[in-house]
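1. Let me see the structure of the following:
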Amino acid sequence: MTLRELGWNPGFEAAFAPYQAKGWVPARLIRETPINYGAFVEGGDEVELVLSGRVWHEAETDADLPAVGDWVAVEDSGENADLVIRAMLPRKSVFARKMPGNSAQAQVIGANIDLVTVVTDAGADFNPRRMERYFTLIGRSGAKAVVLVNKSDLYPKSQNKEAAAEIAALWDEADVHVTSALKGEGLKVLKTYLKPGVTMCIVGSSGVGKSTLVNQLYGEEWQWTGEVNDVTGKGRHTTTSRELVPLPGGGMLIDNPGMREIQMWTDEATLRESFRDLEELASECKFADCSHRADSGCAIRAAVDSGSLDPARHESFLNLETEIAALRRRAKKRQMAVERWAKRKHRVKARNLEDRIQLERDERGEV
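-> Residues are numbered from 1 along each chain as shown. Sure, this is the predicted structure:
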């Protein structure tokens, strides 16, 4: 397997040039564990890597640390020595969500991804509001969005068609397909996107058929599939870790555990792009500072009242704005804490330097 087949391109090659002069080699990360990383190097060999202290300390947040899909520069010091990650190459894209809980940090789902495929169905998992969140995150990542309304064999044709149409209406740039992984229809669709050098990430709730699709793409039982509860429509947890897998027909695949929580990690510009129709309505509001709730002359409220705008979409828009504002506040608090820590560290270093200078003077007998 060549670097090109792993996703290497002229941009990465140019960024790697300074490290090549040091005798380091490029590698693409395929998995991460609490103690090391798995990676592919030229020729398709799989190696284990450890992270250098410098790369660790230079990362401002966990999201700046190497993640699955990243390209890194590796130093090989010889036989019986660890292969060490000495540097990370700039990412061409990064698909991330806010880390679950109260953290203000991002959690990287995958780096250098070309396609993000969201798998859902027209039944228990169908949720346009959650799909809006996916689209917002994908829009920020720089990857292309593909949606599979899967398990079509379980639902009436009209129900599948309506679900696909509603999802497609949320974002013009997304490709939406009705599929049945059981019948191999999802495999046929995904193969039209995959080719050597292309990296795809598959996300979605547990039990929507992701593992079945991965099995079909890989050509064997790569991820065992589990049963789905008839009452909840939820599947057993079949994928437990994030991993990048080379596909026999070309391309790379990042499979992900079922994502129970999709919290925002984005900015105002991306939000506005995801809700372009509401932004156009907002420009018609009577007041520039309209909150789009109960304000007089609100064009968005008028659209909801007239039935031309889905109230749930309006509420989702308001919730997203609130969530992003809260995330921005948490990020600012974290930045302030980091700055205080940096100032304290600087004062300690300055004090230690003064003490060392004074000690040297005392040893020389200087006053």
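2. Tell me who's in contact with residue 115.
-> 143-146, 193, 198-201 (C-beta atoms under 8 Å, 6 or more residues apart in numbering). Every residue, glycine included, has its C-beta placed from N, CA and C.
3. same thing but 6 Å
-> Contacts for residue 115 (C-beta atoms under 6 Å, 6 or more residues apart in numbering) come out as 143-144, 146, 193, 200.
4. and the gap between it and residue 71?
-> 18 Å (C-beta to C-beta, to the nearest Å).
5. again, but for residue 247
-> For residue 247 relative to residue 71 (C-beta to C-beta), the value is 19 Å.
6. Likewise for residue 215?
-> Taking C-beta to C-beta, one finds residue 215 at 28 Å from residue 71.
7. Neighbour count for those two, which is higher?
-> residue 71 (27 against 18; other C-beta atoms under 10 Å).
8. What sits closest to the more buried one if chain neighbours are left out?
-> residue 89 (4.2 Å; C-beta to C-beta, 6 or more residues apart in numbering).
9. That neighbour - how many residues pack around it?
-> Using other C-beta under 10 Å: residue 89 sits among 22 other residues.
10. From residue 125, how far out is the nearest residue to residue 153 once chain neighbours are set aside?
-> Excluding its sequence neighbours, the residue lying closest to residue 153 (C-beta to C-beta, 6+ apart) is residue 180, at 4.5 Å. Taking C-beta to C-beta as the measure, residue 180 falls 15 Å from residue 125.
11. For the residue most central in space within the chain, pull up the helix or strand it's in.
-> What sits nearest the mean C-alpha location of the chain, by C-alpha atoms, centre = their mean, is residue 95, with 2.3 Å. Per DSSP states H and E, residue 95 falls inside strand 94-98.
12. now swap in residue 244 and tell me
-> With DSSP H and E as the test, residue 244 turns up in strand 243-246.
13. Next: residue 29.
-> Using DSSP H and E, residue 29 falls in strand 25-32.
14. what's next to that strand, contact-wise?
-> 6, 16, 37-41, 66, 68, 70-72, 74, 243-244.
15. and the residue nearest to residue 71, what does it touch?
-> Per C-beta under 6 Å, 6+ apart, neighbours of residue 89: 12, 15, 71.
16. closest to residue 344 among the residues you listed?
-> Taking C-beta to C-beta as the measure, residue 344 lies nearest residue 15 of these, at 34.3 Å.
17. Over to that closest one. Which of the three states is it?
-> Here residue 15 is helix, with the state taken from DSSP: H, G, I helix; E, B strand; the rest coil.
18. check contacts around it.
-> Here residue 15 is in contact with 89-90 (C-beta under 6 Å, 6+ apart).
19. mind checking how far it is from residue 91?
-> For residue 15, the distance to residue 91 - C-beta to C-beta - is 10 Å.
20. rewinding a little: just the contacts of residue 115 now: which is nearest residue 1?
-> Nearest to residue 1 among those, counting by C-beta to C-beta, is residue 200 at 16.6 Å.
21. Contact partners for the closest one?
-> 115, 117, 253.
22. Is it correct that the second one is in contact with residue 147?
-> It stands for residue 117. No. Counting by C-beta atoms under 6 Å, residue 117 does not reach residue 147; the two are 7.4 Å apart.
23. Domain boundaries for this protein, per the record?
-> 4-88, 94-255, 275-362 (automatic domain parsing).
24. Using PDB, write out the CA atom coordinates for the strand holding residue 29.
-> The C-alpha trace of strand 25-32 is given here as PDB (Å, rounded to 0.1, in the frame of the first residue of the first chain):
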ATOM      1  CA  VAL A  25       9.300   9.200   7.900                       C
ATOM      2  CA  PRO A  26       5.500   9.900   7.400                       C
ATOM      3  CA  ALA A  27       2.900   7.700   8.900                       C
ATOM      4  CA  ARG A  28      -0.900   7.800   9.100                       C
ATOM      5  CA  LEU A  29      -2.600   7.000  12.400                       C
ATOM      6  CA  ILE A  30      -5.200   4.300  12.300                       C
ATOM      7  CA  ARG A  31      -5.900   3.900  16.100                       C
ATOM      8  CA  GLU A  32      -5.100   5.300  19.400                       C
END
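25. Let me know the average pLDDT across that strand.
-> Strand 25-32 carries an average pLDDT of 93.
26. swap in stretch 47-65?
-> 87.
27. can you list the residues that contact it?
-> Identification of contacts with stretch 47-65 by C-beta under 6 Å, 6+ apart yields 36-37, 39, 41, 82-86, 105-106, 108.
28. if we can go back for a sec, include secondary structure, distance to residue 314 and pLDDT when you put the contacts of residue 200 into a markdown table, please.
-> Below are the contacts of residue 200 laid out as a markdown table (DSSP: H, G, I helix; E, B strand; the rest coil; distance: C-beta to C-beta, whole Å; pLDDT from 0 to 100):
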| residue | secondary structure | distance to residue 314 | pLDDT |
| --- | --- | --- | --- |
| 115 | strand | 30 | 94 |
| 117 | strand | 28 | 92 |
| 253 | strand | 36 | 89 |
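29. Which member of these is positioned nearest residue 151?
-> Nearest member of the contacts of residue 200 to residue 151, counting by C-beta to C-beta, is residue 117, at 14.8 Å.
30. what bridges to that closest one?
-> residue 146, residue 202 (DSSP bridges).
31. Any idea how many residues pack against it?
-> Counted with other C-beta under 10 Å, residue 117 comes out at 27.
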